[in-house]
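1. predicted structure and sequence below. I'll ask about it afterward.
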Amino acid sequence: MNKSMMKKQSKNGGKGLLPYPVIAAAVSGNVDAINKVLKHYEGYIAKLSTRTMYDEAGNPHLCVDEELRRRLETKLITKILTFKAA
């Protein structure tokens, strides 16, 4: 593996790209493949659904908005199932 590939992997959490067979299986409706795609993007989805909440004293706390997280996962699943793979 060359240095540029290692940099790309470190930028996105070391996960790299999803293999094409996983994407194709997910598009076909394979539940295990869809779960792999969700697992691949779970950190990104958690980051997108992180919100600042305030306690009774007004202190800020970062929390994952679970409703928003579920909505983003549902949107991803919907897009997977309507994606046209070549």
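-> Received the coordinates, thanks. Numbering: from 1, shown residues only.

2. ok, now which ones touch the spatially most central residue of the chain?
-> The centroid of the chain falls nearest to Tyr41 when counting by Cα atoms, centre = their mean (1.7 Å). Residues counted as contacts of Tyr41 (Cβ atoms under 8 Å, 6 or more residues apart in numbering) are Leu76. Placement of C-beta: from N, CA and C, glycine included.

3. can you pull the pLDDT of it?
-> At Tyr41, the pLDDT value in this model is 97.

4. same question for Lys84.
-> Predicted confidence (pLDDT) at Lys84: the value is 86.

5. which ones are touching it?
-> Residues in contact with Lys84 (Cβ under 8 Å, 6+ apart) are Val27.

6. give me phi/psi at it?
-> phi -100, psi 100 (degrees, to the nearest 10).

7. quick one: the helices in the protein?
-> 3-11, 20-27, 31-48, 66-82 (DSSP state H).

8. switch those over to CSV; also include distance to Gly58.
-> As requested, the helices of the chain are exported to CSV (distance: least, Cβ to Cβ, whole Å):
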stretch, distance to Gly58
helix 3-11, 36
helix 20-27, 44
helix 31-48, 24
helix 66-82, 23
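
9. winner for burial among those helices?
-> Mean neighbours per residue, mean count of other Cβ atoms under 10 Å, is largest over the helices of the chain for helix 20-27, with a mean of 16.

10. out of the helices of the chain, flag the one nearest Glu56.
-> Of all the helices of the chain, it is helix 66-82 that lies closest to Glu56, at 20.8 Å by Cβ to Cβ.
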